[in-house]
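S.K.: Just to be clear, the model below is a prediction. Sequence and coordinates:
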Amino acid sequence: MASDAKGRTEHVGCDGSVNGSSLSRIDIGPIYDVKRENWDEWSFQGMLHLASQGFAATIDGDNRAGLTSSDPAVMAKYKTTNRELFRRILRMLDLKSICGKEMLLKIRDESGDDADGYGLWEYLRMWANDMTPAEVKQLHLRIRALRCSRVQCNRGQRDRMSGHTRHKFW
């Protein structure tokens, strides 16, 4: 049995595989708990992990032209790499949690038969950075409430302070 940072235990085969799969815990990479507040940390770790496995250009979209290439070999290679990236990102999601199961259903509904790794990474990034109207309203009220009294600082310092503090909220 192997235990990860969250204390979950999984059977590990003699070859290091987890639950009988061909990938070991190290190959799978960091597990994302599918919570918006943890996206920045996980995406950084996930990007490093996937980049070390040769997927950096696909995640960044640098080789996206391969999708519409006139050369069938280039197009096939891109589709294979992109499909593998999709599979690896899915394996990095915590699909045992309720949030993970909900996300899997959203991904299934959005992607259908198209296993687009670049699209999945962008979908997760946009989902993590999306704010509800109530969250936007609350943030707007917090920003409007920021004030610096004239006694505490002169005009120039007040503008810099407000800008810095407002930037921190965004």
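M.R.: Here it is on my side, so go on. Numbers count the residues shown, from 1 in each chain.

S.K.: make it CA atoms for all contacts and neighbour counts henceforth
M.R.: OK.

S.K.: now this structure, which segments are flagged as low pLDDT?
M.R.: Residues of the chain meeting the criterion pLDDT under 70: 1-26, 148-170.

S.K.: which other helices and strands contact the helix ranked longest in the chain?
M.R.: Counting residues, the longest helix in the chain under DSSP state H turns out to be helix 72-91. Here helix 72-91 touches helix 56-60, helix 117-129, going by 3 or more C-alpha pairs under 8 Å, 6 or more residues apart in numbering; DSSP states H and E.

S.K.: Need the contact partners of it.
M.R.: Contacts to helix 72-91, defined as C-alpha atoms under 8 Å, 6 or more residues apart in numbering, come from residues 28, 31, 55, 58, 63-64, 66-69, 115-118, 120-121.

S.K.: Identify the farthest-apart pair in those residues.
M.R.: Within those, Ile31 and Ser69 form the most distant pair, 33.6 Å apart (C-alpha to C-alpha).

S.K.: any idea how far Lys106 is from the residue nearest the centre of the chain?
M.R.: The chain has Ser43 as the residue nearest its centroid, 4.3 Å off, counting by C-alpha atoms, centre = their mean. Ser43 sits 19 Å away from Lys106, going by C-alpha to C-alpha, to the nearest Å.

S.K.: Please apply the same query to Ser69.
M.R.: Taking C-alpha to C-alpha, one finds Ser69 at 30 Å from Lys106.

S.K.: Could you do Asp40 as well?
M.R.: The gap separating Asp40 from Lys106 is 20 Å, by C-alpha to C-alpha.

S.K.: Check Ser70 too.
M.R.: From Ser70 to Lys106 the distance is 32 Å (C-alpha to C-alpha).

S.K.: can you check Glu84 too?
M.R.: Separation of Glu84 from Lys106 (C-alpha to C-alpha): 19 Å.
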